[in-house]
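J.: One predicted model, sequence on top.
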Amino acid sequence: MKHIGSVFLMLIFLSSCSKKIIPEKPELAKTYFAPDSLPVSDIDIPLRVNLKPLYEIAEKNVQKIYASDGWPNEYIVNNCDTKYMYRFKRGPLRISSNGNMVNFNFTGSYIIAGAQRVCTGSGSDRVAISPWSPVCACGLKEAEPRVDIGYKANLQLKNNFNVVAKFEALNPKPLDKCTVCFWGHDITPIIMAQLKNELIIAGRDIEDSLNSLNFRPQFQQLWDVLNTSIKLYDVGYLQLNPEKIRMSSLYAQNDSLNISIGISARPLISLSKTTDHKTVIPDISDFTRRKGFSIYIDAIMNYDSLSQLLTKQLAGKRIDMDKLGKYIIIEKCNLYGADNEKLIIKVSFKGADNGIMYLTGKPVFNQAKNELQVKDIDYDIRTKSLLIKTAKWLFNRKIITELNKYSTFNMQAYTDTLISKVNSQMNRELQKGIFSVGKMEVIQIVNIYPLKNNFILRCNSKGDLAIQIDSFKL
């Protein structure tokens, strides 16, 4: 019985030694703390559009063959004394552009046949007094005479994404003259005038084709991309959330149409993928040419990532209370919010005693040092009450002092990583035929918001982004 009593006393002793210190969770008074509204970000993106699809429309709509009415069987009679027929064949379009003007030129060749006679009188009263001369031609037995002709086009984009095109037929420039017929008479000017009339008619057809174009579907594709969450590797997901669109006046050069497109947006970075909210693209708000971006981004972080940073700095840290001959070793730290400007720090420890303690602290961002600091760390009132009753030696300022030493987090590595990840995503093919090229120069944290379920870092980033559209469906 004596041995049994000793064992029983030993079990009681061991049981009392293994008892953990576990205070109740803190309950901080709510302060209805909420972040300010995210400022509107301005993003201006130079856009370069490959004009070849538009050129293909022009190539298809500009006739390749022009001929006089009745060709090749009937003649046109001009001023009683001349009759002729012709056929004109054009070569490939030569297209150049500058500003909002686009030139469509091509070299063509023609065949002409005709004859002359003597007439008397004037105007509509002219009458023939001789038979027609023998019919002769240019371009049948010899090389066809050549001529340069074309259009000058003015292109604009309206705020509803409609194209406004105005085509002006240029005066044909003959490279070869037709002077072998009609007693050496040069009838080239007559043919040129007829060609210009044909060009004017064809130009109206091209105008109708281009003016029927509306680029809203193409810009809606781009708008949908901007409304889509973009994965930034392990950093999270970026969603731009555009609200307005602006666009500069058109400027064309060679095969490219250059536009500065701007959006006003409220970007968001979150650790988990957000729901994509597709919206209808609004009309263009203004036509000012700009470049570059200044973006305010709310980076939504969960407290696990901050807890891991704090644990990494403190795990295994031994804190000795020399005068008392006691110590603790920190095992793990957890941070979480409480609808309050403060954070709650849960510290798991072992040593002379083991268990957990709760502390509170206020997060502050030091912009000059780019550091997130947790200041005013102190015991939560429930932890303080339990320690005084059960392990008063733990209610010690030395623990607070040591924790304060490790409660500063330099955010440079985070912002550098974010810049790297964003830049890798800025240079890629967004959709088939649509490419983005850009660089984020800097990210600066401007504020922090410790909410209950997540921790928000508000950042401002500056840089440049351009988009190139090489192909699209019309």
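T.: Structure received.
J.: Pull up the gap between A193 and Q220, please.
T.: According to C-beta to C-beta, to the nearest Å, A193 and Q220 sit 46 Å apart. C-beta here means a position set from N, CA and C on the backbone, and glycine is covered the same way.
J.: So for these two, which sits in the more crowded spot?
T.: Q220 (15 against 12; other C-beta atoms under 10 Å).
J.: Tell me which residues are up against the helix or strand hosting that one.
T.: Per DSSP states H and E, Q220 falls inside helix 216-226. Where contact means C-beta atoms under 8 Å, 6 or more residues apart in numbering, the residues beyond helix 216-226 that reach it are 160-161, 240, 242, 245, 263, 265, 278-281, 430-431, 434, 467, 469, 472-473.
J.: which helix of the protein spans the most residues?
T.: In the chain, assigned by DSSP state H, the helix with the most residues is helix 188-211.
J.: by contact count, what packs against that helix?
T.: Helix 188-211 is packed against helix 52-61, strand 82-90, strand 101-116, strand 146-157, strand 163-169, with contacts defined by 3 or more C-beta pairs under 8 Å, 6 or more residues apart in numbering; DSSP states H and E.
J.: which residues in the stretch 201-350 of the chain form strands?
T.: All strands of the stretch 201-350 of the chain, identified by DSSP state E, counting those that start in this stretch, fall at 230-231, 237-239, 242-247, 251-253, 256-265, 268-270, 292-301, 318-321, 326-337, 343-351.
J.: Please list all residues in contact with the closest residue to N171 other than its chain neighbours.
T.: Spatial nearest neighbour of N171, chain neighbours left out: K196 (6.5 Å); criterion: C-beta to C-beta, 6 or more residues apart in numbering. In this structure, K196 makes contact with 149, 169, 171-172, judged by C-beta under 8 Å, 6+ apart.
J.: can you list the domain ranges for this protein.
T.: If you go by automatic domain parsing, the domain ranges for the chain are 21-50+215-474, 52-211.
J.: I'd like the ones you listed as TSV, with mean pLDDT appended.
T.: Shown next, in TSV, are these (pLDDT from 0 to 100):
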stretch	mean pLDDT
domain 21-50+215-474	84
domain 52-211	82
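J.: Does S97 touch L250 like I think?
T.: No. Using C-beta atoms under 8 Å, S97 is not in contact with L250; the gap is 9.6 Å.
J.: Could you tell me which residues touch both of those two?
T.: Taking C-beta under 8 Å, 6+ apart as the contact rule, S97 and L250 both touch L257.
J.: Please identify which of these two sits among more neighbours.
T.: Each of S97 and L250 had its neighbours counted (other C-beta under 10 Å), and the higher figure belongs to S97 (23 against 20).
J.: Which strand or helix spans that one?
T.: In this structure, S97 sits in strand 94-99 according to DSSP H and E.
J.: Name the residues that touch that strand?
T.: Against strand 94-99 from outside (C-beta under 8 Å, 6+ apart): 51, 55, 58, 102-106, 150, 251-255, 257.
J.: Quickly run through the sheet partners of that strand, with directions.
T.: Using DSSP bridges, strand 94-99 pairs in its sheet with strand 101-116 (antiparallel), strand 251-253 (antiparallel).
J.: For it, list every residue counted as buried.
T.: 95, 97 (16 or more other C-beta atoms under 10 Å).
J.: now the angle from it to helix 52-61?
T.: Strand 94-99 runs at 130 degrees relative to helix 52-61, counting by axes from the mean of the first three to the mean of the last three C-alpha atoms, to 10 degrees.
J.: just the strands paired with strand 94-99: most buried one?
T.: For these, average neighbour numbers computed from mean count of other C-beta atoms under 10 Å are highest in strand 101-116, which has a mean of 20.
J.: got the angle for it vs strand 163-169?
T.: Going by the same axes, to 10 degrees, strand 101-116 makes 40 degrees with strand 163-169.
J.: residue contacts, H277?
T.: 227, 241.
J.: Check the spacing between it and L240 real quick.
T.: 11 Å.
J.: Now the common contact residues for these two.
T.: N227.
J.: For M301, which non-adjacent residue is spatially closest?
T.: Nearest non-adjacent residue to M301, counting by C-beta to C-beta, 6+ apart: F455, 4.8 Å away.
J.: Identify the residues contacting the nearest residue to A352 once chain neighbours are set aside.
T.: Using C-beta to C-beta, 6+ apart and skipping the chain neighbours, the partner closest in space to A352 is K326 (3.9 Å). Contact analysis of K326 by C-beta under 8 Å, 6+ apart lists 320, 351-353, 393.
J.: Same question for T360.
T.: Here T360 is in contact with 26, 28, 342-345, 376-378, 380 (C-beta under 8 Å, 6+ apart).
J.: go again using 6 Å as the cut-off
T.: For T360, the contact set (C-beta atoms under 6 Å, 6 or more residues apart in numbering) comprises 342, 344, 380.
J.: re the thing from before, can I get the CA coordinates of the longest helix of the chain in PDB?
T.: The C-alpha trace of helix 188-211 is given here as PDB (Å, rounded to 0.1, in the frame of the first residue of the first chain):
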ATOM      1  CA  THR A 188      -5.300  60.000-122.800                       C
ATOM      2  CA  PRO A 189      -7.000  62.800-120.800                       C
ATOM      3  CA  ILE A 190     -10.400  61.500-121.900                       C
ATOM      4  CA  ILE A 191      -9.500  58.000-120.600                       C
ATOM      5  CA  MET A 192      -8.100  59.400-117.400                       C
ATOM      6  CA  ALA A 193     -11.300  61.300-116.700                       C
ATOM      7  CA  GLN A 194     -13.300  58.200-117.200                       C
ATOM      8  CA  LEU A 195     -11.100  56.200-114.900                       C
ATOM      9  CA  LYS A 196     -11.400  58.900-112.200                       C
ATOM     10  CA  ASN A 197     -15.200  58.600-112.400                       C
ATOM     11  CA  GLU A 198     -14.900  54.900-112.000                       C
ATOM     12  CA  LEU A 199     -12.600  55.400-108.900                       C
ATOM     13  CA  ILE A 200     -15.100  57.800-107.300                       C
ATOM     14  CA  ILE A 201     -17.800  55.200-107.600                       C
ATOM     15  CA  ALA A 202     -15.600  52.400-106.200                       C
ATOM     16  CA  GLY A 203     -14.400  54.700-103.400                       C
ATOM     17  CA  ARG A 204     -18.000  55.200-102.300                       C
ATOM     18  CA  ASP A 205     -18.300  51.400-102.100                       C
ATOM     19  CA  ILE A 206     -15.100  51.200 -99.900                       C
ATOM     20  CA  GLU A 207     -16.400  54.000 -97.700                       C
ATOM     21  CA  ASP A 208     -19.700  52.100 -97.200                       C
ATOM     22  CA  SER A 209     -17.700  48.900 -96.300                       C
ATOM     23  CA  LEU A 210     -15.500  50.700 -93.800                       C
ATOM     24  CA  ASN A 211     -18.200  52.900 -92.400                       C
END
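J.: and the angle for it with strand 163-169?
T.: Using the same axes, to 10 degrees: helix 188-211 against strand 163-169 is 180 degrees.
J.: Run a quick neighbour tally on A265.
T.: As a burial measure, A265 scores 24 neighbours (other C-beta under 10 Å).
J.: For it, give its distance to N159.
T.: Taking C-beta to C-beta, one finds A265 at 19 Å from N159.
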